[in-house]
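K.L.:
got a sequence here, can you build the structure:
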Amino acid sequence: MAFVVVMAAILIGARRLIAPDGGPSVGEWKDPVAGIEFIRLPPGTFRMGTPPAELGREPQEVVHEVTLTHGFALGKYEVTQAQWTRVMGANPSQFESCGPSCPVERVNFDDVAEFIRRLNERAGPGYRLPTEAEWEYACRAGGTEAFGHSASLSSRDANIDGNFPYNAPKGTARGKTIPVGYFPANAWGFFDMSGNVWEWTADWHCPYPDGAVTDPVGSCSSEFRVIRGGSWKFDGNSARCGLRYTHRPQDLGYSLGFRIAHD
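P.N.:
This is a model prediction of the structure:
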């Protein structure tokens with residue numbers, strides 16, 4: 001998954017940032033077709049899954065060490081309605097009135113695959129969905145709490161159903177999506193890793209291993225794909241970095257969107 005030559009050219013002169021928590025340095029760039037902003041992350045090792053004491057933990061969230069041996073880039077924001085329309089020509093979103101900077105939703109796994117195919121065709125190769133491990137690596141941003149560097153989440157922190165926060169007071173239930181980037185970014189600069197819309201990943205829903213793994217990809221006999229991050233319609237628990245949720249590839253809904261990765 002090394003960067004291809006064309007990507008190296010795009011990254012020349014990219015703005016360099018240092019994560020606020022002293023984590024890895026990252027480079028930012030934007031694709032030339034949809035205008036999706038990416039943050040490039042270096043290889044790294046982290047603990048995926050959740051510890052037994054974490055509130056809301058499910059048995060499937062087995063803690064295991066994951067090493068990602070290749071750097072990759074991930075969308076700074078969820079893919080927006082405007083970005084989707086630039087590539088696909090039409091907007092499928094239930095909340096179209098929310099505006100062009102709101103996340104696209106009502107897209108199933110195959111719709112997303114077609115978006116990525118067209119983007120690769122027009123902008124050059126390398127665009128894809130993140131693996132489940134890559135997604136959690138970015139969500140945790142070097143932290144080990146339920147939300148990376150925080151053990152609580154309310155509707156003041158993310159677009160979730162504020163009637164059911166996580167270790168926090170009740171708040172607002174907005175009942176719809178909101179523009180991406182409304183809340184502060186996490187420690188590595190990613191927005192809306194918790195809430196707003198669920199995000200498709202590349203993985204099938206497979207059991208976690210007990211031991212350490214390198215560059216894992218969920219591939220097994222399953223009828224479900226993994227989605228991550230919670231949404232405006234779900235509670236704070238659903239937005240934990242380690243929470244695994246699923247949908248069939250053909251499913252779509254008004255709280256289901258995505259962000260993309262690049263090699």
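
K.L.:
what segments of the protein are strands?
P.N.:
Here the chain has its strands, by DSSP state E, at 16-18, 25-30, 37-41, 44-48, 64-68, 72-75, 127-128, 198-204, 213-214, 225-228, 245-247, 256-257, 261-262.

K.L.:
for the ones you listed, which one sits closest to residue 153?
P.N.:
Among these, strand 225-228 comes nearest to residue 153, with 14.4 Å by C-beta to C-beta. Every residue, glycine included, has its C-beta placed from N, CA and C.

K.L.:
may I have the closest one as CSV, with CA atoms only?
P.N.:
Extracted in CSV, the C-alpha atoms of strand 225-228 (Å, rounded to 0.1, in the frame of the first residue of the first chain):
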residue,chain,number,x,y,z
ARG,A,225,-20.1,-5.3,6.6
VAL,A,226,-18.7,-3.4,9.5
ILE,A,227,-19.8,0.2,10.1
ARG,A,228,-18.4,2.5,12.7
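
K.L.:
so where's the stretch 1-150 of the chain shaky on pLDDT?
P.N.:
Within the stretch 1-150 of the chain, the segments meeting pLDDT under 70 span 1-26.

K.L.:
picking up where we left off before, now the strands of the chain in JSON lines, with mean neighbour count and distance to residue 99?
P.N.:
Formatted as JSON lines, the strands of the chain follow (neighbours: other C-beta atoms under 10 Å; distance: least, C-beta to C-beta, whole Å):
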{"stretch": "strand 16-18", "mean neighbour count": "12", "distance to residue 99": "27"}
{"stretch": "strand 25-30", "mean neighbour count": "17", "distance to residue 99": "20"}
{"stretch": "strand 37-41", "mean neighbour count": "22", "distance to residue 99": "17"}
{"stretch": "strand 44-48", "mean neighbour count": "16", "distance to residue 99": "35"}
{"stretch": "strand 64-68", "mean neighbour count": "17", "distance to residue 99": "35"}
{"stretch": "strand 72-75", "mean neighbour count": "25", "distance to residue 99": "18"}
{"stretch": "strand 127-128", "mean neighbour count": "22", "distance to residue 99": "24"}
{"stretch": "strand 198-204", "mean neighbour count": "24", "distance to residue 99": "20"}
{"stretch": "strand 213-214", "mean neighbour count": "13", "distance to residue 99": "41"}
{"stretch": "strand 225-228", "mean neighbour count": "24", "distance to residue 99": "23"}
{"stretch": "strand 245-247", "mean neighbour count": "16", "distance to residue 99": "25"}
{"stretch": "strand 256-257", "mean neighbour count": "27", "distance to residue 99": "14"}
{"stretch": "strand 261-262", "mean neighbour count": "24", "distance to residue 99": "25"}
